[in-house]
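**Q** 3D, please:
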Amino acid sequence: MGKVLVVVDMQNDFVDGALGTKEAVQIVPAVTDKVKTAINNNDGLIFTKDTHYSDYLSTLEGKNLPVEHCIKGRKGWEIIPVLNKYAHNVIEKNTFGSTILPDKVKEYDEIELVGLCTDICVISNALLLKAHFPEKNIYVDASCCAGVTPESHNNALEAMKMCQIKINN
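**A** Residues are numbered from 1 along each chain as shown. Prediction:
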């Protein structure tokens with residue numbers, strides 16, 4: 001049944017907040033255009049939201065990355081304003097990959113991912129989807145993704161290519 005666009009973690013804290021980067025800010029126009037195109041093409045559209053709670057620093061992730069981010073109910077947790085108006089179908093996830101995402105996209109023939117961070121949540125979700133659907137085409141648009149660093153972004157793209165995830169630029 002057509003194509004679905006998965007917009008990964010385009011949240012304030014990852015764009016220009018606690019864990020934001022200039023590269024994340026730079027992809028916002030391209031991601032916005034990609035979302036508008038998906039809507040115009042009547043493609044499926046799903047957003048993910050990294051979701052943590054006030055006990056974040058006591059979690060395993062918090063101990064390894066001791067920067068509070070995406071705390072539910074705070075500004076940093078929200079989808080960035082330019083995209084929030086399109087975020088009607090949202091999956092909250094408390095880890096890098098969403099274990100419920102495969103069920104949400106199973107009826108689609110093609111799956112495309114964009115968003116943040118290439119080297120953490122985008123790659124985790126792409127590999128999770130590839131494991132669930134080895135015969136489906138899964139794409140990542142590199143021009144609509146940013147990593148923690150440009151080097152780790154490129155490393156993640158190369159790793160996904162090796163796992164037969166198609167990388168578009």
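
**Q** tell me the mean pLDDT over stretch 100-108?
**A** On average, the pLDDT along stretch 100-108 is 98.

**Q** And it, what's buried?
**A** Burial within stretch 100-108, assessed by neighbour count using 16 or more other CB atoms under 10 Å, is assigned to Leu101, Pro102, Lys104, Val105, Tyr108. Where you see a C-beta, it was placed from the backbone N, CA and C, and this is true even at glycine.

**Q** For the residue nearest to Glu110 when sequence neighbours are not counted, give its distance to Ala126.
**A** Excluding the flanking residues, the one nearest Glu110 by CB to CB, 6 or more residues apart in numbering is Lys3, at 4.2 Å. Using CB to CB, to the nearest Å, one gets 15 Å for the distance from Lys3 to Ala126.

**Q** Between these two, tell me which one has more neighbours.
**A** It is Ala126, of Lys3 and Ala126, that has more neighbours when counted by other CB atoms under 10 Å, with 27 against 18.

**Q** Could you give the backbone dihedrals for that one?
**A** With angles defined as degrees, to the nearest 10, Ala126 shows backbone torsions of phi -60, psi -40.

**Q** Model confidence score at the residue nearest to it when sequence neighbours are not counted, please.
**A** Beyond its immediate neighbours in the sequence, the residue positioned closest to Ala126 (CB to CB, 6+ apart) is Ile165, lying 5.1 Å away. The score at Ile165 is 98. That number is its pLDDT.

**Q** pLDDT wise, what is the most far-flung residue of the chain relative to its centre at?
**A** Checked against the mean C-alpha position of the chain, the extreme residue using CA atoms, centre = their mean is Ser58, at a distance of 24.1 Å. Listed pLDDT for Ser58 reads 97.
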